[in-house]
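S.K.: Structure for this input, please:
(4 chains)
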2 protein chains.
Amino acid sequence: MPTTSLPPTAWAVLGLLSFPGERTGYELKKWADASLRFFYGAPAFSQIYAELRRLEELGHVTSRRSGPQEPRTKRSYAITEQGRAALAAWADGGQDVDPVGLRHPVVLRVWLGHLATPERLETLVREHVARTEGELKEVRDALARADGVEAWAHPQIALRWSERRLEAEIELSRAMLADLAALTPPEDPQRAAP
Amino acid sequence: MPTTSLPPTAWAVLGLLSFPGERTGYELKKWADASLRFFYGAPAFSQIYAELRRLEELGHVTSRRSGPQEPRTKRSYAITEQGRAALAAWADGGQDVDPVGLRHPVVLRVWLGHLATPERLETLVREHVARTEGELKEVRDALARADGVEAWAHPQIALRWSERRLEAEIELSRAMLADLAALTPPEDPQRAAP
DNA sequence: TAGGACATGTAATCAGTTACATGATTAA
DNA sequence: TTAATCATGTAACTGATTACATGTCCTA
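M.R.: Here you go, the predicted model:
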């Protein structure tokens, strides 16, 4: 096997198939949205299908049409032994684990805070906290669904990590809010202080 | 102005120019590496130059050759009033602040933990902690350099956010390490417990 | 005088997204 | 019977990276 190096997303898709059972591209997408998404992002449908075709060409997965015959019925994928070995080798990846990628549009805007009003900035961060609380709820739901399933032990740890990271994200936002407030000395519009 | 929507990276580059002074593409890259990088990632040289050309075409920046004449001497960029207005409008961006993007290759590997040995997984996370500690040091250096400069108040807040976020990242890793250890019941190779 | 930092760019490639098209199956 | 969900894919585009090419300026 010619060690074709693949993008992490390909390994993520293959990883989705490394858990017991076979599934369709569509199912894989739902799965990605409910777990992978919290620590790695979820690829678009079109990319999942593309990766599955590539993985099949490489012999890392096999597929079979499940709908009897006919045009474009559903196609279920399963990982091969070769695929499992390749995935394990990648996951082990002693040499090069690529860096954590983070793009935080809210902090980017705070960084540009000299262009905005303090009130607007505060609103932006508060909205972010609200969104994050929503995500936190979703992770907890996912965690509840995964609870007790033996085969999901590691995905559960990843979800717990995600839960804690969202909690941390909220704390980080609040601390930033405090920093922002400290920048604007507390106004006292009624009486002018000496 | 025809509200040409630009990718966040273009605004980030323009943002770098929104602080007092003019600078070259090369300087912008150094800057991005020392600040932007910690919460948004730093674009490659080639992309910075490309964005600068685009921003100039849009009238958001102007440039002048600093080396007297001759082939490819350095070119310094400055933001225009129009550019500043456009940037402020984007930063305010009430409607659509895009979601936080996170790709965490270490958590991805833990998620795939059923394919690895517990020891290997532990090493992977410990290495990540070490790398993160290195980054933390870099943020603190950046923070020290920015200290006291009046115009950098908001960038400083972004850096403080980055510092806390790296501290949180380390705590998160340690918690995950504990979760992993709990998965593998403590071995007692000397005497078999009843 | 050699090496490193400064400085700018081109070419090739790829990863990944959005928008669109199509149709089957299931539940209200 | 109609809407939602399941299901798969194509086309066009673009964001972004890597590798390469080129040359200047400064300093040990």
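
S.K.: by how many degrees do the helix or strand encompassing A:L172 and helix B:153-183 diverge?
M.R.: With elements taken from DSSP states H and E, the one containing A:L172 is helix A:153-183. Relative orientation of helix A:153-183 versus helix B:153-183 (axes from the mean of the first three to the mean of the last three C-alpha atoms, to 10 degrees): 160 degrees.

S.K.: how about helix A:153-183: buried residues?
M.R.: Going by neighbour count (16 or more other C-beta atoms under 10 Å in any protein chain shown), the buried part of helix A:153-183 is A:154-170, A:172-173, A:176-177, A:179-180. Where you see a C-beta, it was placed from the backbone N, CA and C, and this is true even at glycine.

S.K.: And the average pLDDT for that helix is what?
M.R.: Summarised as a single mean, pLDDT over helix A:153-183 is 97.

S.K.: now for it, which elements pack on it?
M.R.: Other elements packing on helix A:153-183 under the criterion 3 or more C-beta pairs under 8 Å, 6 or more residues apart in numbering or on different chains; DSSP states H and E are helix A:105-111, helix A:118-146, helix B:105-111, helix B:153-183.

S.K.: Dump these to CSV, plus distance to A:R37.
M.R.: As requested, these are exported to CSV (distance: least, C-beta to C-beta, whole Å):
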stretch, distance to A:R37
helix A:105-111, 17
helix A:118-146, 9
helix B:105-111, 12
helix B:153-183, 17
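
S.K.: Ok, which of those comes nearest B:Y40?
M.R.: Checking the helices and strands packed on helix A:153-183 against B:Y40 by C-beta to C-beta gives helix A:105-111 as the closest, at 5.2 Å.

S.K.: and that closest one, is it in reach of DNA strand D?
M.R.: No. Taking C-beta under 7 Å from any atom of the strand as the criterion, helix A:105-111 and DNA strand D are apart, separated by no less than 11.1 Å.

S.K.: What are the contacting residues of that helix?
M.R.: A:116, A:121, A:124-125, A:128, A:173, A:176, A:180, B:8, B:11-12, B:15, B:35-36, B:39-40, B:91, B:93, B:97-100, B:154-155, B:157-158, B:161-162 (C-beta atoms under 8 Å, 6 or more residues apart in numbering or on different chains).

S.K.: Stretch A:153-171 now?
M.R.: With C-beta under 8 Å, 6+ apart, stretch A:153-171 has contacts from A:19, A:35, A:38-39, A:129, A:132-133, A:135-136, A:139-140, A:142-143, A:146-147, B:100, B:107-108, B:110-114, B:165, B:168, B:171-172, B:175-176, B:179-180, B:183.

S.K.: what about A:S76, which SS state?
M.R.: strand (DSSP: H, G, I helix; E, B strand; the rest coil).

S.K.: who's in contact with it?
M.R.: A:E22, A:R23, A:T24, A:S63, A:R64, A:S66.

S.K.: Next: A:E122.
M.R.: A:L177, A:L180, A:A181.

S.K.: make it 10 Å
M.R.: A:A116, A:M176, A:L177, A:L180, A:A181, A:T184 (C-beta atoms under 10 Å, 6 or more residues apart in numbering or on different chains).

S.K.: And it, how far from chain B?
M.R.: In this view, A:E122 and chain B are 12 Å apart by C-beta to the nearest C-beta, to the nearest Å.

S.K.: what's the distance between the most centrally placed residue in chain A and DNA strand C?
M.R.: What sits nearest the mean C-alpha location of chain A, by C-alpha atoms, centre = their mean, is A:R37, with 2.5 Å. According to C-beta to the nearest atom of the strand, to the nearest Å, A:R37 stands 10 Å off from DNA strand C.
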